[in-house]
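**Q** got a sequence here, can you model it:
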Amino acid sequence: MRIALDAMGGDKAPAAPVEGALEAVRRYEDVEILLVGDPAVLERELAARGGRPDRVTIVPSEGVVAMDEEPVRAMKGKPRNSARVAAECLASGQAQGVVNLGSTGAAVAAATLFCPRIAGVSRFGIAVPFPRREGVTVVVDCGGIVDARAEHLWTYAVMARHYVRAAFRVAEPKVGVLSVGEEEHKGNKLVKETWELLKKHPVPGFVGNVEGRDVFGDAADVVVCDGFVGNVMLKAAEGLGEMMISLLKAAAATAPAVVPVLKQVVGKLDYAEYGGAPLLGVRGAYVIGHGRSDGRAVWNAVRVAREYVAAGLDAKIAADLAEGAVGGSPA
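**A** Below you'll find the model as predicted:
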């Protein structure tokens with residue numbers, strides 16, 4: 001299984017991607033990493049860590065898309081940038097998965113412009129696992145597209161349901177629509193239109209509306225929303241989590257008994273443990289990691305891509321989309 005890793009993206013590139021790639025091939029005998037980036041830079045990083053093993057290959061690229069660049073324009077202005085080259089590895093069949101740690105906008109743009117889609121998918125969605133006391137709640141979309149339509153949310157529900165079953169071993173996932181109240185009549189135009197579509201084309205496990213606080217409970221295993229709302233919620237949750245950890249660390253300085261609790265909480269909230277968020281709808285695995293990913297987060301992102309491919313999710317999703325889950329596709 002070949003995974004293309006954008007080794008030039010992210011705050012800690014290229015050191016963290018190289019470190020994560022080496023750890024991934026040590027852990028998984030069936031994985032080969034295609035390190036996409038500047039060959040001279042990557043060879044130096046590999047040499048500093050004992051050299052390049054057999055299952056790590058360098059794929060040359062030129063330049064990287066900066067966080068402040070307009071993604072689509074950068075894809076055209078820098079045709080050999082690392083995000084685009086990694087996406088093209090997937091499109092050509094050279095790789096079965098992609099891991100991207102750089103600009104989320106660039107990652108989505110590269111996938112949209114150069115990667116094949118699962119049949120029946122018109123828009124990709126970023127599926128982010130939110131921690132809860134037991135397990136996770138997967139929220140999609142968290143920034144793939146900001147202006148979604150009801151059919152996009154319906155598609156997200158179908159795709160994320162399969163992802164949760166495979167990745168988190170939930171036999172029958174509960175699916176909800178993010179809204180301002182649990183009642184069916186509450187919500188904006190998009191929420192109400194999504195409800196109507198779900199009535200005509202039911203998705204197994206649909207439980208109705210859920211509120212923002214329910215994401216951290218067990219009301220649903222999958223929560224669908226547009227990318228604008230999902231991304232705002234994600235960033236707010238990250239900020240709250242960082243504040244909680246800082247408060248616990250401050251308390252630990254004067255109360256050593258807090259340390260075991262702190263370790264447990266940090267482990268639950270640590271994005272490095274989750275690896276990354278799959279961009280659902282791409283044919284093949286396409287995992288978007290946190291920009292601050294270290295080596296541990298990188299190999300966990302490779303793990304997510306490996307599990308996605310191994311589960312054969314493309315075929316399962318395509319079959320459900322073709323049938324409209326029940327009764328024909330809304331498209």
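**Q** pLDDT on stretch 100-112, on average?
**A** In this model, stretch 100-112 carries a mean pLDDT of 92.
**Q** now swap in stretch 74-83 and tell me
**A** 91.
**Q** end-to-end on that stretch?
**A** 10 Å (CA to CA, to the nearest Å).
**Q** list the buried residues for that stretch?
**A** 74, 75, 78, 81, 82, 83 (16 or more other CB atoms under 10 Å). Every residue, glycine included, has its C-beta placed from N, CA and C.
**Q** quick one, phi/psi of the residue positioned nearest the centre of the chain?
**A** In the chain, the centroid-proximal residue (CA atoms, centre = their mean) is residue 277; its distance is 1.4 Å. As for residue 277, its main-chain torsions (degrees, to the nearest 10) stand at phi -110, psi 130.
**Q** next: residue 312.
**A** phi 60, psi 40.
**Q** how near is it to residue 48?
**A** 38 Å (CB to CB, to the nearest Å).
**Q** what does residue 93 give?
**A** Applying CB to CB to residue 93 and residue 48 gives a distance of 32 Å.
**Q** same question, residue 283
**A** From residue 283 to residue 48 the distance is 36 Å (CB to CB).
**Q** tell me the domain ranges of this protein?
**A** 1-121+281-325, 122-274 (automatic domain parsing).
**Q** would you point to the one among the ones you listed that's packed deepest?
**A** Using mean count of other CB atoms under 10 Å, the stretch among the domains of the chain with the greatest mean number of neighbours is domain 1-121+281-325 (a mean of 21).
**Q** skipping its backbone neighbours, what lies nearest the residue nearest to the centre of the chain in space?
**A** residue 128 (4.4 Å; CB to CB, 6 or more residues apart in numbering).
**Q** wasn't the one you found part of a strand?
**A** Yes: when DSSP: H, G, I helix; E, B strand; the rest coil is applied, residue 128 is found to be in a strand.
**Q** wait, isn't it in contact with residue 231?
**A** No: using CB atoms under 8 Å, residue 128 is not in contact with residue 231, being 9.1 Å away.
**Q** who touches both of these two?
**A** Taking CB atoms under 8 Å, 6 or more residues apart in numbering as the contact rule, residue 128 and residue 231 both touch residue 142.
**Q** other SSEs contacting the helix with the most length in the chain?
**A** Longest helix in the chain by number of residues (criterion: DSSP state H): helix 227-254. Where contact means 3 or more CB pairs under 8 Å, 6 or more residues apart in numbering; DSSP states H and E, helix 227-254 is packed against strand 125-131, strand 136-140, strand 175-178, helix 259-269.
**Q** if you set the cut-off to 7 Å instead, what comes out?
**A** Contacts defined by 3 or more CB pairs under 7 Å, 6 or more residues apart in numbering; DSSP states H and E place helix 227-254 against helix 259-269.
**Q** what is the mean pLDDT for the helix it packs on?
**A** Mean pLDDT, helix 259-269: 69.
**Q** tell me the one among the buried residues of stretch 74-83 nearest to residue 27.
**A** residue 82 (23.6 Å; CB to CB).
**Q** can I assume that closest one is in contact with residue 6?
**A** Yes: judged on CB atoms under 7 Å, residue 82 makes contact with residue 6 at a distance of 4.7 Å.
**Q** need the pLDDT of the closest residue to residue 295 other than its chain neighbours.
**A** Using CB to CB, 6+ apart and skipping residues adjacent in sequence, the residue nearest residue 295 is residue 19, 3.3 Å away. We have a pLDDT of 95 for residue 19.
**Q** the longest helix of the chain - what's its average pLDDT?
**A** On average, helix 227-254 scores 86.
**Q** related to what we said a few turns ago, for beta bridges, what are the partners of the residue nearest to residue 277?
**A** residue 139 (DSSP bridges).
**Q** and it, how far from residue 252?
**A** Distance, residue 128 to residue 252, by CB to CB: 28 Å.
**Q** next: residue 298.
**A** Counting by CB to CB, the gap from residue 298 to residue 252 is 28 Å.
**Q** got the CA coordinates for stretch 84-99 in CSV?
**A** Output of stretch 84-99 as CSV, limited to C-alpha atoms (Å, rounded to 0.1, in the frame of the first residue of the first chain):
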residue,chain,number,x,y,z
ARG,A,84,-0.5,19.1,-6.1
VAL,A,85,2.2,16.5,-6.7
ALA,A,86,0.9,14.3,-3.8
ALA,A,87,-2.7,14.6,-5.2
GLU,A,88,-1.5,13.6,-8.7
CYS,A,89,0.2,10.5,-7.2
LEU,A,90,-3.2,9.4,-6.1
ALA,A,91,-4.9,10.4,-9.4
SER,A,92,-2.3,8.4,-11.4
GLY,A,93,-2.6,5.3,-9.3
GLN,A,94,1.0,5.7,-8.1
ALA,A,95,-0.4,5.9,-4.6
GLN,A,96,-3.6,4.6,-2.9
GLY,A,97,-3.7,7.4,-0.3
VAL,A,98,-2.5,10.9,0.5
VAL,A,99,-1.5,12.6,3.8
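**Q** that'll do, ta.
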